[in-house]
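# Got a predicted structure here, sequence first:
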Number of protein chains: 2
Amino acid sequence: MTFVENVSQKLKALAHPVRLRIVMLLAKEGEDMYLNQIANKLEINRALAKIHLKKLERGNIVKSRIVLLDGEARALRYYSLGDFDIHISPELLKQEAEK
Amino acid sequence: MTFVENVSQKLKALAHPVRLRIVMLLAKEGEDMYLNQIANKLEINRALAKIHLKKLERGNIVKSRIVLLDGEARALRYYSLGDFDIHISPELLKQEAEK
DNA sequence: GATATATGTAATATTTTGATTACATGTAAT
DNA sequence: ATTACATGTAATCAAAATATTACATATATC
């Protein structure tokens, strides 16, 4: 994957208001959350939250894991933030372009 | 304009591969360029380059000015990079979310 | 006058994205 | 058995983004 492809994908993942709100929610809470928590907190449709979380995962902005509830035959999928660090300025792009 | 709206707009402007290529071209060349130069260099349709440049201008990633050619009754519209500096990480978003 | 270079934009078509609704499944508690 | 939560996804509709083609305009050069 080229630099342009990689950066485009990451930026695209973060560029949508709903997705940015999800990311900021996870950052603020500081702990992992599952789908219904996120949808309820942001007051958005659950299926919609799911769609956006998928895009965030594809962009490696968010990770998820399934957690079995203690002693119970139930599981929740928890979402957490990846360790992205996106920095873009004319100078940095110039450096990259000259590689 | 809220933080989310502002960031979304800027990221959206940079998120498209063609737009990112335009921005990297301007960064690399280090000097202003006009529409046809940009389209030729990137080997893309001129009208398409125009559309993307408009979006970059709306996101304040790129600026443009009309330059009268010396002694001639012609003018070119030159595009240059704005002074954006986008930095996004979980820590920075957490700070922002807690404001 | 024809050719090359430059601008701008309108119209159109295609593709992608975004959002809602609905259906299917399963566990736990009342 | 019903209610409350939780998951996942398919189907559909609406809206936005992307890309091409074409038209109009203007100047400079051959």
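Thanks, I have the structure now. Source: prediction; values computed, not measured.

# For chain A, what lies in contact range of DNA strand C?
Within chain A, the positions near DNA strand C by C-beta under 7 Å from any atom of the strand are A:12, A:16, A:18, A:44-48, A:51-52, A:55, A:72-74. Quick note: C-beta positions are derived from backbone N, CA and C, even for glycine.

# most neighbours, which of these?
A:His52 (23 neighbours; other C-beta atoms under 10 Å in any protein chain shown).

# Report the spatially nearest residue to that one, omitting neighbours in sequence.
A:Arg19 (4.8 Å; C-beta to C-beta, 6 or more residues apart in numbering or on different chains).

# for the one you found, phi and psi?
phi -70, psi -40 (degrees, to the nearest 10).

# which residues sit in contact with it?
For A:Arg19, the residues meeting the contact criterion (C-beta atoms under 8 Å, 6 or more residues apart in numbering or on different chains) are A:Ala13, A:His52, A:Lys55, A:Leu56, A:Ile61.

# where does it sit relative to B:Tyr79, distance-wise?
For A:Arg19, the distance to B:Tyr79 equals 29 Å [C-beta to C-beta, to the nearest Å].

# do the same with A:Tyr79
From A:Tyr79 to B:Tyr79 the distance is 40 Å (C-beta to C-beta).

# same check, this time on A:Gln37
For A:Gln37, the distance to B:Tyr79 - C-beta to C-beta - is 45 Å.

# Who has more neighbours out of those two?
B:Tyr79 (23 against 16).

# Skipping adjacent residues, who's closest to the residue located most distally from the centre of chain A in space?
Using C-alpha atoms, centre = their mean, the residue of chain A lying farthest from its centre is A:Glu98. It sits 30.1 Å away. Nearest non-adjacent residue to A:Glu98, counting by C-beta to C-beta, 6+ apart: B:Lys28, 6.3 Å away.

# What score does the one you found have for pLDDT?
On pLDDT, B:Lys28 comes in at 97.

# before we move on, back to that, export the contacts of A:Arg19 as JSON lines, with columns for distance to DNA strand D, secondary structure and pLDDT.
As requested, these are arranged in JSON lines below (distance: C-beta to the nearest atom of the strand, whole Å; DSSP: H, G, I helix; E, B strand; the rest coil; pLDDT from 0 to 100):
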{"residue": "A:Ala13", "distance to DNA strand D": "13", "secondary structure": "helix", "pLDDT": "97"}
{"residue": "A:His52", "distance to DNA strand D": "11", "secondary structure": "helix", "pLDDT": "98"}
{"residue": "A:Lys55", "distance to DNA strand D": "13", "secondary structure": "helix", "pLDDT": "97"}
{"residue": "A:Leu56", "distance to DNA strand D": "13", "secondary structure": "helix", "pLDDT": "97"}
{"residue": "A:Ile61", "distance to DNA strand D": "17", "secondary structure": "coil", "pLDDT": "97"}
